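Asks: Coordinates only, no sequence provided:
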């Protein structure tokens with residue numbers, strides 16, 4: 001299992017339709033949260049967003065990948081990981097693959113034993129059907145009961161609204177632009193149409209990979225064009241004739257406006273959700289002439 005201690009608190013990407021649910025989960029601290037959904041739907045991003053919007057945001061966010069090995073870390077064990085996350089949040093990704101002996105240790109910690117108990121909020125994530133795993137004896141029923149207090153199922157990208165898909169494109173490119181200097185951060189309208197209408201069986205992870213490749217292929221160009229997309233997207237015929245072509249800048253402007261309205265014009269909260277500094281947000285408000 002891979003343990004990552006995260007101190008720079010990223011925000012969730014492209015989750016406009018889930019913002020109210022995330023806020024509700026953030027406010028429900030210290031109740032455990034169980035995130036469910038297909039691989040690549042952004043469960044890790046949602047876990048970070050819940051942490052960021054909670055009263056624990058100044059504390060650590062410790063991410064643990066539960067797949068691949070029968071122990072968290074021989075020198076630490078479950079309690080050692082909880083100690084790292086004290087006064088913060090621990091995110092157990094792929095918790096459905098946690099070994100049964102470690103599941104027992106986790107139940108003990110959640111019940112406050114053995115001492116010392118840690119002040120930790122637990123968020124678990126899985127792409128498995130845990131009810132079926134409990135029935136087959138692969139997952140402890142008592143652990144499932146403790147996790148399933150605040151469940152949230154993340155929809156696959158193919159089931160999200162067009163607005164959310166375009167939000168995803170904007171946020172992914174914003175993340176990638178610092179890693180890919182000289183690459184375009186705009187998409188032409190044909191590209192946006194194909195990105196918004198594609199089925200994305202690999203979900204957010206697949207979309208990010210496609211955009212990263214396309215940005216690199218378009219290096220030095222003013223915008224990503226259809227020729228920079230993978231072959232299946234280049235050949236994909238438009239499926240929604242009602243689509244209104246927009247530049248990526250216009251998509252960003254609308255997303256910033258919606259986020260500001262959601263937070264009642266509060267620049268600090270909006271900037272936190274958008275994953276940018278307050279100064280950057282204020283500059284974008286000026287550039288886009290937003291009166292909120």
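Replies: That came in fine, so what should we check first? What you see is a predicted model, and the numbers here were worked out from it, not measured in a lab. Numbering: from 1, shown residues only.
Asks: can we go C-alpha only for contacts and neighbour counts from here?
Replies: Noted.
Asks: where along the stretch 51-200 of the chain do the helices fall?
Replies: 77-84, 100-110, 130-135, 141-147, 162-177, 189-197 (DSSP state H, counting those that start in this stretch).
Asks: export those helices to a markdown table and tack on mean pLDDT?
Replies: As requested, the helices of the stretch 51-200 of the chain are arranged in a markdown table below (pLDDT from 0 to 100):
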| stretch | mean pLDDT |
| --- | --- |
| helix 77-84 | 80 |
| helix 100-110 | 88 |
| helix 130-135 | 94 |
| helix 141-147 | 94 |
| helix 162-177 | 85 |
| helix 189-197 | 90 |
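Asks: nearest to residue 251, of those?
Replies: helix 162-177 (6.9 Å; C-alpha to C-alpha).
Asks: Please list all residues in contact with the residue lying closest to residue 150 once chain neighbours are set aside.
Replies: Computed as C-alpha to C-alpha, 6 or more residues apart in numbering, the closest residue to residue 150 that is not its neighbour in sequence is residue 33, at 4.7 Å. Applying C-alpha atoms under 8 Å, 6 or more residues apart in numbering to residue 33 gives the contacts 25, 122-124, 147-152.
Asks: Which one of those is nearest to residue 263?
Replies: Out of those, the member with the shortest distance to residue 263 (by C-alpha to C-alpha) is residue 25, at 16.4 Å.
Asks: For that closest one, what is the enclosing helix or strand?
Replies: helix 19-27 (DSSP states H and E).
Asks: and the helix or strand following that helix, which strands flank it?
Replies: Moving toward the C-terminus from helix 19-27, the next helix or strand (DSSP H and E) is strand 33-36. Within its sheet, strand 33-36 is paired with strand 121-126 (parallel), strand 150-153 (parallel), according to DSSP bridges.
Asks: before we move on, the earlier item: check which helices and strands the helix holding residue 25 sits against.
Replies: helix 43-52 (3 or more C-alpha pairs under 8 Å, 6 or more residues apart in numbering; DSSP states H and E).
Asks: Might you quantify the distance of the helix it packs on from its chain's geometric centre?
Replies: Taking C-alpha atoms, centre = their mean, to the nearest Å, one finds helix 43-52 lying 6 Å from the centre of the chain it belongs to.
Asks: swap in stretch 267-283?
Replies: Computed by C-alpha atoms, centre = their mean, the chain-centroid distance of stretch 267-283 equals 18 Å.
Asks: you'd agree residue 138 is up against residue 100?
Replies: Yes - between residue 138 and residue 100 there is a contact at 7.3 Å, judged by C-alpha atoms under 8 Å.
Asks: what's the most buried one of the strands paired with strand 33-36?
Replies: strand 121-126 (a mean of 24; mean count of other C-alpha atoms under 10 Å).
Asks: tell me the angle it makes with helix 100-110.
Replies: 150 degrees (axes from the mean of the first three to the mean of the last three C-alpha atoms, to 10 degrees).
Asks: what's residue 206 in contact with, if anything?
Replies: Here residue 206 is in contact with 40, 200 (C-alpha under 8 Å, 6+ apart).
Asks: at 10 Å what do you get?
Replies: Applying C-alpha atoms under 10 Å, 6 or more residues apart in numbering to residue 206 gives the contacts 40-41, 200, 212.
Asks: Could you pull up the residues touching residue 195?
Replies: For residue 195, counting by C-alpha under 10 Å, 6+ apart, the contacting residues are 162, 165-166, 168-169, 187, 189, 207, 210-211, 229, 233, 236.
Asks: I'd like these as TSV, with neighbour count and distance to residue 271 appended.
Replies: As requested, those are exported to TSV (neighbours: other C-alpha atoms under 10 Å; distance: C-alpha to C-alpha, whole Å):
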residue	neighbour count	distance to residue 271
162	16	23
165	24	20
166	22	19
168	23	16
169	25	18
187	25	24
189	19	27
207	20	24
210	16	27
211	22	24
229	21	31
233	18	33
236	13	35
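Asks: Would you mind checking which of these is nearest to residue 292?
Replies: residue 166 (22.0 Å).
Asks: The closest residue to the closest one other than its chain neighbours: neighbour count?
Replies: Leaving aside its chain neighbours, residue 166 sits nearest to residue 196 (6.3 Å; criterion: C-alpha to C-alpha, 6+ apart). A count of nearby residues for residue 196, using other C-alpha atoms under 10 Å, gives 26.
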